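Chemist: What follows is a predicted structure for the sequence shown.
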Amino acid sequence: MPSSLRDTTTLHNGVKMPWFGLGVFKVKEGEEVVSSVKAAIKNGYISIDTAAVYKNEEGVGQAIKESGVAREELFITTKVWNADQGYDSTLQAFETSLGKLGLDYIDLYLIHWPVKGKYNDTWKALEKLYRDGRVRAIGVSNFHVHHLEDLLSHAEIKPMVNQIEYHPHLTQKEVHDFCKKEGIQLEAWSPLKQGVLLKDPTINEIAEKHNKSAAQIILRWDLQNEVVTIPKSTNENRIIENADIFDFELTPEEMQRINDLNKNDRIGSDPDNFNF
């Protein structure tokens, strides 16, 4: 079990990915994103997750530069947006993201959504970037089992990560089991269901017992389920609090009680039915 913010899981290509990071979805470009990323790094975070469509890659890059932490100590993820999918356009989108971030390489590059008829060509571009040493690891986001099966039937390199909506109301057991079997690391976006889960009575009861917050219980549950997690916050105290989850353990019974909250309820779009 991870015991600190610097602890990593080893991806199937040998790259070490932190178990815990900061997500910056809906964090405004400029001062807001710069200060939240700097606060996270200052308080021991080494993993930052952004995406082209978040329109804050420049701020993330500025924060990395200003943090004073060596580039190789950090793990930076970004994603190719749907409108840029396809072979050549993905290679171009990657250069744009790299330029905005002001980096020489990306640690993890993901296909943001499984755009029908496009993601296999997009994946070929990611394989090229990986072979050329421009990215240390490649993966996908929001892929169901059937998307993964299709991709694997065309791919030369297996995805290292699948980042999906994952929280106690949406445990995606089938995807989780498939990824485990294939050696693909699962990663959670929206682990707190955008705050909806913080009022759940079961989670709060468990939180009281451990003298922790509801958010800390959920994030700990992620880790004990072997899922990488990237909660978003722009508040430094919350950023610190979210990461204070390495000094306690949920019992098997508590884990099961949280697993049982699943109701296959999404806050985001279904990967089989999105139009963006």
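Modeler: Sure thing, it's come through.

Chemist: From the centre of the protein, give me the residue that's furthest out.
Modeler: In the chain, the greatest distance from the average C-alpha position (C-alpha atoms, centre = their mean) is reached by Lys209, at 28.5 Å.

Chemist: any idea which element that residue lies in?
Modeler: helix 201-210 (DSSP states H and E).

Chemist: ditto for Asp104
Modeler: For Asp104, there is no enclosing helix or strand under DSSP H and E.

Chemist: Next, the angle helix 201-210 makes with the strand or helix carrying Glu253.
Modeler: Remark: Glu253 resides in helix 252-259, with elements defined by DSSP H and E. Angle, helix 252-259 to helix 201-210, by axes from the mean of the first three to the mean of the last three C-alpha atoms, to 10 degrees: 150 degrees.

Chemist: buried residues in helix 252-259?
Modeler: Within helix 252-259, the residues that count as buried by 16 or more other C-beta atoms under 10 Å are 254-255, 257-258. Bear in mind the C-beta positions are built from the backbone N, C-alpha and C, glycine included.

Chemist: residues touching the residue nearest to Lys65 when sequence neighbours are not counted, list them.
Modeler: In space, and not counting its chain neighbours, Lys65 is closest to Gly102: 6.3 Å by C-beta to C-beta, 6 or more residues apart in numbering. Applying C-beta atoms under 8 Å, 6 or more residues apart in numbering to Gly102 gives the contacts 58, 61-62, 64-65.

Chemist: Could you rerun that using 10 Å?
Modeler: The neighbours of Gly102, taking C-beta atoms under 10 Å, 6 or more residues apart in numbering as the test, are 57-58, 60-62, 64-65, 71.

Chemist: Out of those, which two are the most distant from each other?
Modeler: Using C-beta to C-beta, the contacts of Gly102 span at most 16.3 Å, a distance reached by Glu58 and Arg71.

Chemist: neighbour-wise, which of those two wins?
Modeler: Ranked by neighbour count (other C-beta atoms under 10 Å), Glu58 and Arg71 place Glu58 first, with 17 against 14.

Chemist: so the more buried one touches Val37, yeah?
Modeler: No: Glu58 is beyond contact range of Val37, at 11.4 Å (criterion: C-beta atoms under 10 Å).

Chemist: where do the contact lists of those two overlap?
Modeler: Thr50.

Chemist: ok, so what distance separates Asp244 from His12?
Modeler: 30 Å (C-beta to C-beta, to the nearest Å).

Chemist: about what we covered before: residues contacting the residue farthest from the centre of the chain?
Modeler: 217, 248, 250-251, 254.

Chemist: try it again with 6 Å
Modeler: Residues near Lys209 by C-beta atoms under 6 Å, 6 or more residues apart in numbering: none.

Chemist: pLDDT score for it?
Modeler: Reading off the confidence values, Lys209 has pLDDT 98.
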